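Colleague: Generate coordinates for the sequence data below:
(one chain, ligands or ions: 1)
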Amino acid sequence: MKKRMRALVAARAREPVAPPPTDGLWPLAQPFRVGSLTIPNRVVQAPLAGIGNRVFRAQSRRHGAGLVVSEMVAAHGIRHGNKRTRDMLQLGTAESPIAIQVFGGDPDVMAEAARAVEDAGADMVDINMGCPVPKIMKTGAGAALLADPAKGEAVVRAMADAVRIPVSVKMRRGLRPGDMDPAEVARRFEGAGAALITIHPRAAAEEYAGTADHSISARVVDAVDVPVVISGDITDAADALDALGMTGAAAVMIGRAALGNPWALGAIARGEQDPRPTAGEVIGELQHFARDIADLMGDERACHYLRKFHSWYLAGRGLPEHELQALMEDATLDEALARLGAMRAAQSATAGDAAA
Ligand SMILES: Cc1cc2nc3c(=O)[nH]c(=O)nc-3n(C[C@H](O)[C@H](O)[C@H](O)COP(=O)(O)O)c2cc1C
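Modeller: Purely as a prediction, here's the structure:
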């Protein structure tokens, strides 16, 4: 399958990215399997801490991601019944297939978390082995598990033994560039029961600096038989096709490129190079998102959460700068929603003028 996919992608990668294919052969539109689970296409929404709640994930699915992954959830918080952590396990109706990502360094606690994720109805449980934040790594979790692959293997094995749903690992290339062979470590995790590996080929110490070197991802793909998802700096359909062609990976993961631009997910899944929603459509999407976020977390937390989204959605869309600035400073959700309503009305009036 891996070879057939690589040949298909290589053949298409030589051609310019075309309009949506009518032959059904756009490689990223093809389903793939993880154990008994079928993912309907090859675009995965990245786990994003503090961002990837169930509203964000449902939106990503609606826009065309084949699989969505939750923000990282603390395994210890699940064990201790922390309310906010437990709430993070509540799934919406429109997000399957979904993986819940958990972090922790203790095999027993992680196995318990995996069972809670399965009981919550998730389709897959993902292990965070990439988080570079010192507070997390100090506890032996996140990328710290890469420094002790035997412990990482024990975590994977304990979780795979505990649940029927597939267990996946999201890893970086190491703690520092060149300190380990990620292909070898990925193979060990596969041996311990991982049904899918995601590789973000930066080291933890690099955080997000430089560019992701997907020749490292290609070595991971060659080392394992399970599907590999590649993460890092993939922003559009052309990038995605190139990265799949170069690595033979099963799928691409999209993080920052879809912030404020969920249209990117569907465009990559369908092979459309440059999705251009109108400013009115963008504001409409943001209004819809803001209302759903308010239902999830209440007006006050929603107002705070949404601040960064305003600029992600609206900067560079030709909207008046002072309106964007005012939106960021609105103290309540009602004020922000009223301003968005007025901005949308002004856009419709302008579009109407243009059409008249
Ligand atoms: C704000 C932010 C939060 C992130 N949170 C997580 C996380 O909770 N778990 C994880 O495995 N990776 C996390 N990542 C890493 C992303 O999933 C992804 O691997 C990385 O951003 C590279 O992909 P991109 O270039 O498409 O953004 C985060 C990245 C960002 C920018």
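Colleague: In this protein, what residue comes closest to the ligand?
Modeller: The chain approaches the ligand most closely through Gly255 (2.7 Å), counting by Cβ to the nearest ligand atom. C-beta here means a position set from N, CA and C on the backbone, and glycine is covered the same way.
Colleague: Neighbours of that residue, how many?
Modeller: 21 (other Cβ atoms under 10 Å).
Colleague: what residues are up against it?
Modeller: Going by Cβ atoms under 8 Å, 6 or more residues apart in numbering, Gly255 touches 46, 48, 231.
Colleague: can you give me the helices for the stretch 101-250 of the chain?
Modeller: Under the criterion DSSP state H, counting those that start in this stretch, helices of the stretch 101-250 of the chain are mapped to 107-119, 134-137, 144-147, 149-162, 182-191, 214-223, 237-247.
Colleague: what comes up buried for the second one?
Modeller: It refers to helix 134-137. Residues of helix 134-137 classed as buried: 136-137 (neighbour count, 16 or more other Cβ atoms under 10 Å).
Colleague: so what's the residue most central in space within the chain closest to, chain neighbours aside?
Modeller: The centroid of the chain falls nearest to Ala46 when counting by Cα atoms, centre = their mean (1.1 Å). Distances taken as Cβ to Cβ, 6 or more residues apart in numbering place Gly255 nearest to Ala46, at 3.4 Å, with adjacent residues excluded.
Colleague: how close does the one you found get to Ile51?
Modeller: 9 Å (Cβ to Cβ, to the nearest Å).
Colleague: can you check Gly245 too?
Modeller: 29 Å.
Colleague: Those two - which one has more neighbours?
Modeller: Taking other Cβ under 10 Å, Gly245 and Ile51 do not tie; Gly245 has more neighbours (20 against 16).
Colleague: rewinding a little: what residues does the residue nearest to the centre of the chain make contact with?
Modeller: Applying Cβ under 8 Å, 6+ apart, the residues near Ala46 are 52, 69, 231, 253-255, 258.
Colleague: Closest to Met159 out of those residues?
Modeller: For the contacts of Ala46, the closest approach to Met159 (Cβ to Cβ) belongs to Val69, at 15.5 Å.
Colleague: so what's the closest one bridging to?
Modeller: For Val69, the beta-bridge partners under DSSP bridges are Ala99.
Colleague: wait, it sits on Ala99?
Modeller: Yes - using Cβ atoms under 8 Å, Val69 makes contact with Ala99 at a distance of 4.7 Å.
Colleague: which neighbours do the two share?
Modeller: With contacts taken as Cβ under 8 Å, 6+ apart, Val69 and Ala99 have Asp126 as neighbours in common.
Colleague: what mean pLDDT does stretch 158-168 have?
Modeller: Mean pLDDT, stretch 158-168: 98.
Colleague: So is it next to the ligand?
Modeller: No - applying Cβ under 6 Å from any ligand atom, one finds stretch 158-168 out of contact with the ligand, separated by at least 10.6 Å.
Colleague: How about the longest helix along the chain and the ligand, any contact?
Modeller: Determined from DSSP state H, the single longest helix within the chain is helix 279-314. No - residues of helix 279-314 contacting the ligand under Cβ under 6 Å from any ligand atom: none, with a closest distance of 9.2 Å.
Colleague: what does whichever helix or strand comes after that helix contact?
Modeller: Next in sequence after helix 279-314, counting helices and strands by DSSP states H and E, comes helix 321-329. Outside of helix 321-329, the residues within contact range by Cβ under 8 Å, 6+ apart are 307, 310-311, 314-315, 336, 339-340, 343.
Colleague: on that earlier part again, tell me which residues of the longest helix of the chain are tucked away?
Modeller: Those would be 279-280, 282-287, 289-290, 292-294, 296-297, 302-303, 305-306, 309-310, 312-314, for helix 279-314 by 16+ other Cβ under 10 Å.
Colleague: tilt between that helix and helix 321-329?
Modeller: 60 degrees (axes from the mean of the first three to the mean of the last three Cα atoms, to 10 degrees).
Colleague: and the two most separated of the contacts of Ala46?
Modeller: Gly52 and Ser231 (13.4 Å).
Colleague: Tell me which of the two has more neighbours.
Modeller: More crowded of Gly52 and Ser231, by other Cβ under 10 Å: Ser231, with 27 against 21.
Colleague: contacting residues for that one?
Modeller: Here Ser231 is in contact with 46, 170, 198-200, 212, 252-253, 255 (criterion: Cβ under 8 Å, 6+ apart).
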